[in-house]
Structure formats: C-alpha cells, structure tokens
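Chemist: Structure here, sequence nowhere to be found:
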C-alpha cells in the first residue's frame, strides 16, 4: 500500500510538469520553420537564410529553412496559410506571393490578406533585363529588333508562373507589341542557367540573384526596371531610358506569419528582424546584392499590400497575363 501511495504521489507530481512542458513560452517549445517558397539560391532564399541565422541567435532557438517551390510561391504560401498560428512557422513572402498572385491566379489556394499576419517589410530590390552574352545584343533596342525579326527567339524565362519576373516579361511583350512565349521555372537559378546557356532568349529577375553570373561574364545586363539607375550598375539605363516608356517595376521581400499569430510574437519577430537588418554584416551582404533594406513595421507592410494588389491587378488585366 505504501508503495502504491508513493507511486500515485509521483504521478500527481508529473502531471503539472507535463502541462508546463506543453505550455512552454514561445519560442522555447520547438524549432521555428522559415518557409521559402522558391528554390535555393534566389533572393528570397538568401534573405531567409540570413535572417534565420540572426533570429536563431536572438531567440535562442533553432530556425530551419524549408524550401517549398512552385506556382509562383503559391505552394509554400498555401502551406503556411494552413499552419498553426503559434509563432513556429514563418514565411518569406514576396511581391509575387502577396500582390501579383491575387489577380494572376483565378483560383488561388490562399488569401494573401486574410490568411497571414504581416511581420516585416524586409527589402526592396530592382529587377533587371538579362541576356546571354552570345546573343550579341548590347541594348534593349537591339533585343526588340531581334525579337521582331526572329520568331524562334520570342521566348523569355521566369522564376515561376505568377512571379514578378513572369509579369515583367508579359508587360514587356505588351509594350513592344511582340507576342512572346513564357517559359516558367521552379526558381531563379535554373532559369538563369538556361538563359546563360542560350536555351531561352532573355529574362527579368532580381539583381541580387544575377550578380554571380554577371560577374562571371555568363549573363549580360541590358537595363534595370526601377525608375532610377541603381548604384551597383550606374552605367546601365532604366527601361524607360532604353526606350520602353511606362516600364517601371521594383520587387519587395517580406516576412509573414499565419493569421492569428499572437501580436506579442509578431511584434517580437518584427523587432528582431529590424535589429538584424541594421547589423553591418547583414547590410554588407544584402546591400551588396542590390537590396535596399527597410525593416518596415507590420502596419507599413499591410499598407504596401493595400496599394500593390490593385496596382498589379491593373497590370495583369492590361497584359492579359494568366498563370492558370
């Protein structure tokens, strides 16, 4: 009887301990997963891995990167939209996943506004027009002339259907009056590899991802899509300067959490991300890739989306682009 009483006492002591383990305060309970909706090597992946390292140190918890590419970032976004809103799943969102896709896909498996909590606007970055050096065109005007002359060259690559790189190509086709074939990839690296190999004529993508191939001489930069020239390529004209009026476009990168994630967790994540973006090594790494680091608040990110979603809807309608 004494032994049974002792065991029962131990059991009653164990129950509160189990309850305490289940209710461990965030972020102590388990590792955090940071979902990148594109393949490794692109801008979103570089940002994710950089932030994951800094968040891991600040939060004293493992932060794991999980790449879930496909459907212009939609596969990863849909996954996070359905995740528990407990602070243990984060999402590397982009202009594609949280602005363009809303109008480009007729049946989107997530709602970019209702299914997410904005955490931080991380950076803005320019898109650039890239070709294979062997193509032997040195200006946008020469590329347009080639596309008008040679039907076999009328194709462009993108990092995926629904991305800003896809829509940039559609807008370009509309503005120059030449029908072009879209060749979507599951991320930036394979798309750039095929452009550099001459398998696809050109592509628009972010300067961040293009830098290694540009420096190696495997890609040629013809123009930037921003309203002004960029410091990393001061001698490269904007698309407007190159003779394509009305072509202005800049990408942005952000961090989100599933809708319903507690505000104290969202605020803590924002604060730590904002701190990380001010660190000299982070500024050197990401800024050196052409990114303009922002660290915007959840409210600023929500306001940006409110402006961008209708803006891109208008561009999608004008270019008659579709990813379905």
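Modeler: Yes, it's here. Predicted, not measured: the structure shown is a model, and the values here were computed from it. Residues are numbered from 1 along each chain as shown.

Chemist: Just the element for residue 83, please.
Modeler: Applying DSSP states H and E as the criterion places residue 83 outside every helix and strand.

Chemist: Double-check it against residue 256; I have them as touching.
Modeler: No - contact between residue 83 and residue 256 fails when scored by CB atoms under 8 Å: they sit 10.8 Å apart. (Each C-beta comes from the backbone N, C-alpha and C, glycine too.)

Chemist: These two: which has the busier surroundings?
Modeler: The neighbour count for residue 83 versus residue 256, taken as other CB atoms under 10 Å, is higher for residue 256 (28 against 18).

Chemist: Provide the backbone phi and psi angles at that one.
Modeler: Torsion angles at residue 256 (phi, psi; degrees, to the nearest 10) stand at phi -130, psi 160.

Chemist: repeat for residue 270
Modeler: phi -60, psi -50.

Chemist: so who does it touch?
Modeler: 119, 120, 297, 298 (CB atoms under 8 Å, 6 or more residues apart in numbering).

Chemist: got these as TSV, with secondary structure, distance to residue 232 and pLDDT columns?
Modeler: Output for the contacts of residue 270, formatted as TSV (DSSP: H, G, I helix; E, B strand; the rest coil; distance: CB to CB, whole Å; pLDDT from 0 to 100):
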residue	secondary structure	distance to residue 232	pLDDT
119	strand	27	98
120	strand	24	98
297	coil	27	97
298	helix	29	98
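
Chemist: For those residues, which two are the farthest from each other?
Modeler: Spatial extent of the contacts of residue 270 (CB to CB) is set by the pair 119 and 297 at 9.2 Å.

Chemist: Those two: which is more packed in?
Modeler: Neighbour count, other CB under 10 Å: between residue 119 and residue 297, residue 119 has more, with 26 against 17.

Chemist: So that one sits against residue 89, correct?
Modeler: No - using CB under 8 Å, residue 119 is not in contact with residue 89; the gap is 11.5 Å.

Chemist: so what's in contact with those two at the same time?
Modeler: Contacts common to residue 119 and residue 89, judged by CB under 8 Å, 6+ apart, are residue 257.
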